[in-house]
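> Fold the following and give me the result.
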Amino acid sequence: MHRVVPELIVENYQAGCYQGEFPSIGMFLDLSGFSTITDVLMQHGQHGAEVLAGLMHSVFDPLVESVFDYRGKIVGFAGDGVMALYPIESDARLTALHALTSAYVIQKRLEENPTRQTIYGKFPISARIGLACGSVSWGILSSNAGDQATYYFRGSAVDGSAEAEHHARAGDILLTEDMRKLLQGDIETVPCEPFQRFSGFRTKLALPAKIMFPPVDLEVSRLFMPAEVIAYGVRGEFRQVVNLFMRFPDLSEPQLHALMSRVFELRNKYGGLLNRLDFGDKGCNLLMLWGAPVAYENDIPRALNFLLDLKSQFEFPITAGVTYY
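All right, here's what the predicted structure looks like:
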């Protein structure tokens, strides 16, 4: 079983709670190097795909562990990007210190192992990280029939951390000014207007705390992701897939419900794998693909007709890009 839905979403769905808000530290991390690695390994067919899968595990597993060790929650993967939240329950300063320590550990591990050796060559990998404090609102959006669902996280902690990451260089940890003020006296920073570049701690590092997760709830998780993705074994494979990326304006809650209700209806007609409704470094957006885990000969027409039908239903602009790769 693969844990592909955040535990916060699963637990609240089980409890019948479908939206909420909480103060949090947000961390947005972007890895550099995987596009080049994929292009090279794709030349080597099935074995190249298996090498890529192993390489990704060697990078992402310690990264994910570093987030969980410091009480963080990973709420989404977007390509090479990772969005993590550290909910503030009582002590905002301590939570911020946990989040920053998590980011520091990630960068130290990458610094100690900056290149990955494979049978097909060496590949450099680096990360840029942004941290921000603020509020986070979340929601679960279900189909009318209750057989499909997605979720989202948005708010100042999400937007601020994504914006900070945009201004970071490889190896950087950039903080918003609010984060710097929260940790004033505990850290050293260098101005990087309008952000602050973290340069060191003046206090002891926060200690990691191993988190125990309950077993994956397949019945709930399969509402958000196909059972094939959750329950099947991992293996490397290159496929021809149609990617449909859609960007929307800042939508109200009723508009989000109307949008996703229509998306679920069109999925029943045209298929497509939906990850989640995403907010962050690319605004409000949705990524769907055709060709995995199930492929059809007419995946390109399916994706294009899905998009045309969706655009015809709403007056607000939908910016879209389609690739077949």
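> Going along the chain, name the strands of the stretch 201-325 of the chain.
In the stretch 201-325 of the chain, the strands defined using DSSP state E, counting those that start in this stretch lie at 242-248, 273-278, 284-290, 319-324.
> quick check: angle from the last one to strand 284-290?
Read it as strand 319-324. Here the directions of strand 319-324 and strand 284-290 differ by 20 degrees (axes from the mean of the first three to the mean of the last three Cα atoms, to 10 degrees).
> among the strands of the stretch 201-325 of the chain, which is nearest residue 128?
The closest approach between residue 128 and any of those, judged by Cβ to Cβ, belongs to strand 273-278 at 18.2 Å. Where you see a C-beta, it was placed from the backbone N, CA and C, and this is true even at glycine.
> Show residues contacting that closest one.
Residues from elsewhere that reach strand 273-278 (Cβ atoms under 8 Å, 6 or more residues apart in numbering): 76, 78, 141, 150-152, 224, 226, 229, 256, 260, 263, 267, 284-290, 292-293.
> How far does that strand sit from its chain's centre?
Remark: strand 273-278 is offset 10 Å from the chain centroid, using Cα atoms, centre = their mean, to the nearest Å.
> do stretch 217-227 as well
On the basis of Cα atoms, centre = their mean, stretch 217-227 sits 18 Å off its chain's mean C-alpha point.
> how close does the residue nearest to residue 313 when sequence neighbours are not counted sit to residue 223?
Nearest residue to residue 313, sequence neighbours excluded (Cβ to Cβ, 6 or more residues apart in numbering): residue 262, at 5.3 Å. Relative to residue 223, residue 262 is positioned 18 Å away (Cβ to Cβ, to the nearest Å).
> Ok, which of the strands of the stretch 201-325 of the chain comes nearest residue 109?
Among the strands of the stretch 201-325 of the chain, strand 273-278 sits nearest to residue 109 (Cβ to Cβ), with 26.1 Å.
> low-confidence ranges in the protein?
1, 232-236, 281 (pLDDT under 70).
> Do you have the helices of it handy? List them.
Here the chain has its helices, by DSSP state H, at 7-14, 34-41, 45-69, 92-112, 156-166, 177-182, 218-224, 227-231, 253-270, 299-311.
> In stretch 267-287, which residues are buried?
Buried residues in stretch 267-287, counted by 16 or more other Cβ atoms under 10 Å: 267, 270-281, 284-287.
> chain center to it: distance?
With Cα atoms, centre = their mean, you get 12 Å for stretch 267-287.
> Also stretch 219-239?
16 Å.
> What lies in contact with it?
With Cβ under 8 Å, 6+ apart, stretch 219-239 has contacts from 1-2, 4-5, 9-10, 13-14, 42, 45-46, 48-54, 142, 147-151, 216, 218, 273, 276, 291-295.
> picking that back up, tell me which of the helices of the chain is the most buried.
Comparing the helices of the chain by mean neighbour count (mean count of other Cβ atoms under 10 Å), helix 156-166 ranks first with a mean of 24.
> Which elements pack onto it?
Helix 156-166 is packed against strand 19-32, strand 81-87, strand 126-142, strand 173-175, with contacts defined by 3 or more Cβ pairs under 8 Å, 6 or more residues apart in numbering; DSSP states H and E.
> Would you mind giving those strands as CSV with mean neighbour count added?
What follows is the helices and strands packed on helix 156-166, written out as CSV (neighbours: other Cβ atoms under 10 Å):
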stretch, mean neighbour count
strand 19-32, 21
strand 81-87, 23
strand 126-142, 22
strand 173-175, 27
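> Of all those, which one is nearest residue 190?
strand 173-175 (10.1 Å).
> Could you spell out the sheet neighbours of that closest one, each with its direction?
Within its sheet, strand 173-175 is paired with strand 126-142 (parallel), strand 195-201 (antiparallel), according to DSSP bridges.
> List the neighbours of that strand that are in contact with it.
Applying Cβ under 8 Å, 6+ apart, the external contacts of strand 173-175 come out as 100, 103-104, 107, 128-132, 164-165, 167-168, 183, 189, 192, 195-198.
> follow-up on the earlier one: any chance of the helices of the chain in JSON lines, plus distance to residue 244?
Formatted as JSON lines, the helices of the chain follow (distance: least, Cβ to Cβ, whole Å):
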{"stretch": "helix 7-14", "distance to residue 244": "23"}
{"stretch": "helix 34-41", "distance to residue 244": "19"}
{"stretch": "helix 45-69", "distance to residue 244": "23"}
{"stretch": "helix 92-112", "distance to residue 244": "31"}
{"stretch": "helix 156-166", "distance to residue 244": "22"}
{"stretch": "helix 177-182", "distance to residue 244": "35"}
{"stretch": "helix 218-224", "distance to residue 244": "18"}
{"stretch": "helix 227-231", "distance to residue 244": "18"}
{"stretch": "helix 253-270", "distance to residue 244": "10"}
{"stretch": "helix 299-311", "distance to residue 244": "5"}
